[in-house]
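Here's a sequence, model it:
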Amino acid sequence: MMARIPSNPLRQAKLAMELHADSATPLEEAAAKRGLTIREANRLQKTLRGNAYRAFSASDLVVAVSAFAAAKPGRSMTALQAGANDGKSEDPIHALVHRYFSKVVLIEPQPQLIPALARSYEGFAGEAIIENVAVGPGGELTMYFPTPEIDAVYQQKRKFSASRLGSFDRAHVADRLVAATGIPAEEVDRVIQKAVVPCVTLEALAEKHLPEGVDLLQIDCEGYDWMVLKTIGRIRPAIINFEYDKLPDDHWKEWKAWAAENGYAFIRGLRDALAVRGAVF
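From the prediction side, this is the model:
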């Protein structure tokens with residue numbers, strides 16, 4: 001008999017949780033209700049039990065930052081974030097910055113997000129610097145992002161803002177909006193707006209605002225993460241965290257070569273890659 005367990009890990013997890021929640025029902029009945037054999041149901045439950053601890057364990061980024069802070073007592077830690085968005089929504093470093101850091105530079109090219117980003121850091125005890133620029137080799141870039149109209153539809157379906165889809169690749173924004181909202185492809189142009197923003201390298205921004213050095217570099221730039229990261233020039237952060245799952249294969253190969261050449265060890269999570277530089281730990 002062919003297994004009915006879905007290949008997608010998230011769907012597997014959902015199915016395992018359904019079985020667990022239905023534990024008052026005999027396993028044979030709960031399995032049959034979902035089109036599973038007893039063997040398949042047992043396999044899912046075993047996997048769930050074996051990985052349940054992960055729901056209560058700290059993320060790799062939290063462990064890396066807290067370990068760095070412990071290794072450098074009294075140090076005024078600094079962070080540089082490219083793709084800061086509104087400063088809170090699915091932001092992996094917001095809480096960490098408030099807990100450990102004394103200075104953060106927040107880079108966000110979408111002009112409509114700057115007020116919300118500023119509000120997210122109103123209570124920050126350290127210094128928060130906001131740059132409404134894009135990261136690149138210089139000049140200007142055109143940024144594409146969803147209109148408020150489609151953002152409202154997106155939030156109803158996905159529970160978070162479509163502003164996260166902002167990109168320099170218009171086709172990327174269009175494809176994601178069509179897939180997420182169901183808007184016809186021939187109508188998507190009217191729900192995408194654009195802004196021309198100045199382009200600055202990470203190296204220039206770090207030298208301008210963080211001459212003392214960069215302890216944490218966080219990047220989330222919708223598939224442009226490596227293009228952003230490689231503008232870092234001579235700067236070598238202690239910790240780098242970036243979204244890798246949308247990178248083209250050639251960008252990932254370039255990253256691996258760069259990491260090896262510059263003394264970084266890294267691990268890959270579900271969406272993000274976390275790298276630490278051994279010489280500074």
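
In the stretch 51-200 of the chain, what residue spans correspond to strands?
Ranges of strands within the stretch 51-200 of the chain are 77-82, 101-107, 127-131, 134-135, 140-146, 192-200, based on DSSP state E, counting those that start in this stretch.

so can I have a markdown table of the ones you listed showing mean neighbour count?
Placement of C-beta: from N, CA and C, glycine included. A markdown table is the format used below for the strands of the stretch 51-200 of the chain (neighbours: other CB atoms under 10 Å):
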| stretch | mean neighbour count |
| --- | --- |
| strand 77-82 | 26 |
| strand 101-107 | 22 |
| strand 127-131 | 18 |
| strand 134-135 | 26 |
| strand 140-146 | 19 |
| strand 192-200 | 16 |
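
Could you export the ones you listed as JSON lines, including distance to residue 31 and mean pLDDT?
Shown next, in JSON lines, are the strands of the stretch 51-200 of the chain (distance: least, CB to CB, whole Å; pLDDT from 0 to 100):
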{"stretch": "strand 77-82", "distance to residue 31": "46", "mean pLDDT": "98"}
{"stretch": "strand 101-107", "distance to residue 31": "49", "mean pLDDT": "98"}
{"stretch": "strand 127-131", "distance to residue 31": "52", "mean pLDDT": "98"}
{"stretch": "strand 134-135", "distance to residue 31": "51", "mean pLDDT": "94"}
{"stretch": "strand 140-146", "distance to residue 31": "42", "mean pLDDT": "92"}
{"stretch": "strand 192-200", "distance to residue 31": "46", "mean pLDDT": "94"}
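
Residue 35 is nearest to which of those strands?
Taking CB to CB, strand 140-146 is the member of those nearest to residue 35, at 37.7 Å.

quick one: the closest one to chain centroid distance?
19 Å (CA atoms, centre = their mean, to the nearest Å).

Output that strand as PDB, restricted to C-alpha atoms.
Output of strand 140-146 as PDB, limited to C-alpha atoms (Å, rounded to 0.1, in the frame of the first residue of the first chain):
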ATOM      1  CA  GLU A 140      19.600  54.200  -7.500                       C
ATOM      2  CA  LEU A 141      17.300  51.200  -7.700                       C
ATOM      3  CA  THR A 142      13.600  50.800  -8.300                       C
ATOM      4  CA  MET A 143      11.800  49.000  -5.400                       C
ATOM      5  CA  TYR A 144       8.500  47.200  -6.100                       C
ATOM      6  CA  PHE A 145       6.000  46.600  -3.300                       C
ATOM      7  CA  PRO A 146       2.300  45.900  -2.900                       C
END
